[in-house]
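>>> Kindly return the folded structure for what I paste below:
(chains A and B)
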Amino acid sequence: MKFLHGAIATVAAAACGAGVFALQRTGDFGFGNDEAPGNVKAEFYWSRLAYTSSMQSLGGWGRHAWFNSWSRDYPKADRQFLIAMHRLTRINGRPTEQVVTLDSNEIFNYPWIYAVQVENWTFSEVEARRLREYLLKGGFLMVDDFHGTEDWENFMNGMRQVLPDRPIEDLQSGDEIFHTLYDIDDKMQIPGEQFVWTGRTYEKDGYQPKWRAIRDNRGRIIVAICHNMHLGDAWEWADDPNYPEAFASMAFRVGLDYIIYGMTH
Amino acid sequence: MFQFLFKYPTPVFMKGHLVLLGPWPAWLLLVLILVAAGGIALLIRGQLRGSAANLPPRRAALIWALQSALLALLLLLLWQPAIRIAELNSQQNIIAVVLDDSRSMSVADSDGKTREATAIAALDSGVLAGLQRRFETRLYTIGREMKRVDSLSRIAPEESATRIGAGLNQLALDTADLPIGAVVLLSDGGQNSAGIGISEIGIEALRNLQNRRIPVHTVGFGKPEHSHDIEIQDVSLPASAVANARISTTVTLTQHGYLGKVARLTVRDGDRVVAQREIALALDGQLQTESLFLSIGTAGAKSLAFTLEPMAGEENLANNTITRPILVSNAKRRILYVEGEPRWEYKFIRRAEEDDPTIQLVSMLRTSENKVYRQGIENAAELADGFPARAEDLFRYDGIVIGSVAVDYFTPLQQDLLREYVERRGGGVLFLGGSSSLSDGGWNVSRLNELLPTFLPAGNHNFHRNPATVELTSTGADSPITRLLDDPEKNTERWKKLTYLADYEDPGSPKPGATELISDTGNWRHLAMADERSTRRSFARPLLATVASLARGRVTWTGRRVHAGPSAYG
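Residues are numbered from 1 along each chain as shown, chains lettered A, B, ... in the order given. Take a look at the predicted model:
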């Protein structure tokens, strides 16, 4: 009898463990098998950068761990945004998201990438060199969802590994990047979902939205920085009746403008 | 025998005109001949009726014909027939003796004597004296211009150039009031002016000589071919270019005695060396054509000198250089790029053209169903209404690129304008492959199908998002269109190292007159099989780019897009 109980307990534990493992939200790092819905070839792939997090020690499961900061809002934000992109532009995009890394030159196949919670990122020398080459050769990086002074400093620690000499400038309303698809002259601070229950548009000490960028030698924006705002949440919770439509609309327009800019400059 | 019988040679009768010197009009002769023939006919007829002879009609007709011909000849002689020809009159016509005194006449290739000395010796040996006995003679020398001289004693071959055509034209005009009967030209034939035909005499000179009825009798000196010589025959250079552009030229040359050797071709703009190239010399006397790329430099009127550097032992250096003028302007070439959907080559084409100082890329991109994003425009009004609908707006562009745009995006009027742009304006159109291009964009059933250099395949699933690699065809290897590097062999190797293409569109088969520049290597099958396990239909190796000339314009299409891989970026 004891043996039977033990066997049942073992089987149940194994089943639970398998279930827990199956529920882990891991990134789609490739095309998977041919029959996967995500294995559709397209012109544009929404590419989320999976970086090495400085919070790795807390996780222990590597990039595939669900609580890694690169995967904030993933994949709903990505999917929602792609729905809007298909609806509002002529971009031939894959309907599902793509996760990219700096481990190999594969990233060069995805000229537009998105990264969040970048106060946590850190790069090895190889990764920094690859990202620098990626950006200077025509790649475009959009960073989002980091707030306040301390987050900025941590972000810059990583950014200076990649582009140590490039100045960071504030974008103006007249900059071309805000007029590629939509004319966005008046911008607002786009808060995360926390706005629904706090009523605050800011997090930490990020009171003012900072629309910033890094340019190449020709004046083309290669890194678009959304500091003190959270566009990813706006995309993710656009279908939440409690989340203001104005923020979601602005976030979609900015994202689409940034993509069109990245595909034209 | 002919001259013995008729006193004058055959050419006199061939060139002369028959005239009647008699006092009576020519029509009277004709009338008398007819009357005489009629009278003889009546006489024969009367005699035959009265006699018992049974003469066959044919014999009677023969008798009539012979008697009529004899009577006609007698009558003709009464009218004093003669042949009139033109002939120089002794001591009334002037003979112009023209001696070439350019430096090429100083070549000593006639038993140690220079050509000039040989010509003077020939004249002094009795030729000139013989002419002077019958005609008045004038002596001239010809180099850069025609000059009259008093005697042969002071002639020296020092002129730096020979312009025979201009000199003869000058002679014809300067002696308009003199009875110049003929020109005797003593020369080695080498000259520095470009004209028509083998003589390279300008058409104006030929016309003036013909109007004056002045024949030119030529006496050649020197060897028709040198045993050791290289010569530039011709240089093909565009008449104009934009500043800092890279242009293609074609040089035609011949050589004798240097088979297998290497000659250096140098192009100079004043003292500045613009380009240089080593040329392996072909067979003796064979016309050899070589292409050369050069950067034209800043704006202005230029005269480029194409020079083959002298070879060891070369006998004639005067034919090693040709100069050609070219006008370089500051104006950029404006290219209109129409793209139907945001895609990566649009970005990277723009980035590449930003580095080209000779090109201004004006683009319009359909970002959404009803929005167009314009870049590179001169002002806010340019392309504000979309693709130009007026000829004066469209013809402003020096070239048009059409990306993934379905034909029905263009109105019928715009489609007609595109055709006129190629056929009437002489502009070039480049079609890019894409999901809405060519067959997949309905171009195969449009009125513009005739513009395309290929027979587009049927159906609309000809665009494939599968990788492929490319290589130059033998024609593409020589074409300036596909030249990434100046050296042809290095250029071909460079193409082989290009990154693979992300996708391609089946272009169909080339039309007659189309030129195939690039094709895939066939390795796409292996790359495709790695991505698609489904069975594929097999077809011939698709070509990448073809070009065809239509009327005054040119249409090119490329069915491939470069993948945004690491080596393709930037």
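
>>> Which residue does chain A have closest to chain B?
A:K137 (3.3 Å; C-beta to the nearest C-beta). Every C-beta, even on glycine, is put in place using the N, C-alpha and C of the backbone.

>>> could you list every residue that touches the closest residue to chain A within the stretch 151-300 of chain B?
For the stretch 151-300 of chain B, the residue closest to chain A is B:N244, as judged by C-beta to the nearest C-beta, at 18.1 Å. With C-beta atoms under 8 Å, 6 or more residues apart in numbering or on different chains as the criterion, the residues that contact B:N244 are B:295-298, B:357-358.

>>> Pull out the buried residues from those.
B:296, B:358 (16 or more other C-beta atoms under 10 Å in any protein chain shown).

>>> quick one: pLDDT of the residue of chain A closest to chain B?
Here, the pLDDT recorded for A:K137 equals 95.

>>> do A:P209 as well
97.

>>> doesn't A:K187 make contact with it?
Yes: applying C-beta atoms under 8 Å as the test, A:P209 and A:K187 come out as touching, 6.9 Å apart.

>>> Quick check: buried residues in stretch A:178-189?
Buried-residue list, stretch A:178-189, by 16+ other C-beta under 10 Å: A:178-182, A:184, A:189.

>>> ok, which stretches of chain B are helices?
Counting by DSSP state H, chain B has helices at residues B:2-6, B:10-15, B:26-50, B:57-78, B:115-122, B:128-134, B:164-174, B:203-212, B:344-354, B:391-394, B:412-423, B:474-478, B:488-496, B:524-531.

>>> out of the buried residues of stretch A:178-189, which touch chain B?
For chain B, the contacts drawn from these by C-beta under 8 Å from any C-beta of the partner chain are A:180-181.

>>> So chain B: which segments form each domain?
As recorded under automatic domain parsing, the domains making up chain B are B:19-49+B:56-84, B:94-220, B:229-329, B:333-562.

>>> Could I get these in JSON lines, plus columns for mean pLDDT?
Listed next are the domains of chain B as JSON lines, based on pLDDT from 0 to 100:
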{"stretch": "domain B:19-49+B:56-84", "mean pLDDT": "91"}
{"stretch": "domain B:94-220", "mean pLDDT": "82"}
{"stretch": "domain B:229-329", "mean pLDDT": "90"}
{"stretch": "domain B:333-562", "mean pLDDT": "82"}
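
>>> Give me every residue in the stretch 1-150 of chain A lying close to chain B.
Counting by C-beta under 8 Å from any C-beta, the stretch 1-150 of chain A sits next to chain B at A:34, A:41-44, A:88-92, A:105, A:108-109, A:111, A:133-134, A:136-139.

>>> Just the buried residues from those residues, in ChimeraX please.
Selection command for ChimeraX covering only the buried members of the residues of the stretch 1-150 of chain A next to chain B, criterion 16+ other C-beta under 10 Å:
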select /A:43,44,88,89,90,91,92,108,111,133,134,136,137,138,139
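
>>> mind listing the strands for chain A?
A:47-49, A:52-53, A:98-100, A:112-116, A:121-122, A:140-144, A:168-170, A:210-215, A:221-227 (DSSP state E).

>>> Now mean neighbour count too, for the ones you listed, in JSON lines please.
JSON lines is the format used below for the strands of chain A (neighbours: other C-beta atoms under 10 Å in any protein chain shown):
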{"stretch": "strand A:47-49", "mean neighbour count": "23"}
{"stretch": "strand A:52-53", "mean neighbour count": "22"}
{"stretch": "strand A:98-100", "mean neighbour count": "23"}
{"stretch": "strand A:112-116", "mean neighbour count": "24"}
{"stretch": "strand A:121-122", "mean neighbour count": "22"}
{"stretch": "strand A:140-144", "mean neighbour count": "24"}
{"stretch": "strand A:168-170", "mean neighbour count": "13"}
{"stretch": "strand A:210-215", "mean neighbour count": "18"}
{"stretch": "strand A:221-227", "mean neighbour count": "23"}
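
>>> who touches residue 97 in this structure?
Looking at chain A here, since you left the chain open. A:28, A:45-48, A:74-75, A:78-79, A:82.

>>> um, chain B though
B:123, B:128, B:131, B:137-140, B:184, B:186.

>>> Please repeat the previous calculation with a cut-off of 7 Å.
B:128, B:137, B:139-140, B:184 (C-beta atoms under 7 Å, 6 or more residues apart in numbering or on different chains).

>>> Just flag the most distant two among those residues.
Spanning the widest gap among those are B:L128 and B:Y140, at 12.8 Å by C-beta to C-beta.

>>> which one of the two has more residues nearby?
Using other C-beta atoms under 10 Å in any protein chain shown, the more surrounded residue of B:L128 and B:Y140 is B:Y140, with 21 against 18.

>>> Return the residues in contact with the more buried one.
By C-beta under 7 Å, 6+ apart, the neighbours of B:Y140 are B:96-98, B:146-149, B:171.

>>> And those residues, which of them are buried?
The buried subset of these (16+ other C-beta under 10 Å) comprises B:96-98, B:146, B:171.

>>> and the end-to-end length of stretch B:2-20?
End-to-end distance of stretch B:2-20: 22 Å, with C-alpha to C-alpha, to the nearest Å as the criterion.

>>> Need the contact partners of it.
So stretch B:2-20 is contacted by B:26, B:79-85 (C-beta under 7 Å, 6+ apart).

>>> which among the residues you listed gets closest to chain A?
Using C-beta to the nearest C-beta, these come closest to chain A at B:I85, 81.0 Å.
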